[in-house]
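[1] what follows is a predicted protein model with its sequence.
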Amino acid sequence: MPIEFVATSRLPTAFGEFKISVFQDPKTGEEHVALSKGLENPPEGPVLVRIHSECLTGDAFASLKCDCGPQLQATQQLINEAGQGVILYLRQEGRGIGLTNKIRAYALQDQGHDTVDANLMLNLPADARKYDMCSIMLEHLQIKEVRLITNNPLKIKALTDLGINVLDRVPLTVGLNPFNEEYLKTKHNRMSHMYKKDDF
């Protein structure tokens, strides 16, 4: 069942004032969020968009095992400076495998397995995320053309397959540290994430 728009409010943040809108799957109760700025009227031209999957450890606890927290904060800052854009915050923890399985995968990574193999060892896909809800969220915001803030080619393909016009990719390389360097290299080498050699 498709998600539905259910609530909205202004949201002052450390990176400027945004508008927060909640979308809910009426069958499962699952909620997704659009954090937007400068979209009170239908936009003229492409809009900065980031699809950000929930990461409790990175977004809330400042984990150094990933780059999720720095990516989220950098995107808020980028959108605030641009004056227009939206973050689609999808409740798909651990690339869609859930928090418990994510922590189980972390334990396997502590033993030396990379992020892909850890998921596979749990009989889970390397990436279980879905993006169909994005089309409903973007349609609600009257966004037809996007400049997608991502390093992940699967997100570009997903939006394109949904009929959304992705005019440009905006790279986002932040948050590299000694604890996540191998993780990011694995995403580049095994999941086709678009980093440059000098990013590492």
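    Arrived safely, thanks for sending.
[2] neighbours of N119, how many?
    25 (other C-beta atoms under 10 Å). In this view, the C-beta of every residue, glycine as well, is placed from N, C-alpha and C.
[3] find the helix or strand that it is a member of.
    helix 115-121 (DSSP states H and E).
[4] check K130 too.
    Assigned by DSSP H and E, K130 falls within no helix or strand.
[5] is it true that it touches G96?
    Yes. Contact criterion C-beta atoms under 8 Å: K130 and G96 qualify, at 7.1 Å.
[6] on that earlier part again, which element follows the helix holding N119 toward the C-terminus?
    Assigned by DSSP H and E, the successor of helix 115-121 is helix 132-140.
[7] which neighbours in the sheet does the very next helix or strand once past that next one have, and how are they oriented?
    Where DSSP H and E defines the elements, the next helix or strand beyond helix 132-140 is strand 145-149. If you go by DSSP bridges, strand 145-149 pairs up with strand 47-53 (parallel), strand 165-170 (parallel).
[8] highest mean neighbour count out of those?
    strand 47-53 (a mean of 24; mean count of other C-beta atoms under 10 Å).
[9] contacts for that one, please.
    39, 68, 71-72, 75, 78-79, 82, 84-90, 92-93, 95-96, 129, 131, 134, 138, 141, 143, 145-150, 155, 159, 170, 172 (C-beta atoms under 8 Å, 6 or more residues apart in numbering).
[10] can I get stretch 16-27 in CSV, CA atoms only?
    C-alpha atoms of stretch 16-27 as CSV (Å, rounded to 0.1, in the frame of the first residue of the first chain):
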residue,chain,number,x,y,z
GLY,A,16,19.0,26.5,9.5
GLU,A,17,15.2,26.3,9.4
PHE,A,18,13.6,23.5,7.6
LYS,A,19,10.1,22.0,7.1
ILE,A,20,9.6,18.5,8.3
SER,A,21,6.8,16.4,6.7
VAL,A,22,5.9,12.9,7.7
PHE,A,23,4.6,10.2,5.3
GLN,A,24,3.1,6.9,6.7
ASP,A,25,2.2,3.5,5.3
PRO,A,26,-1.3,3.1,6.6
LYS,A,27,-1.0,-0.7,6.7
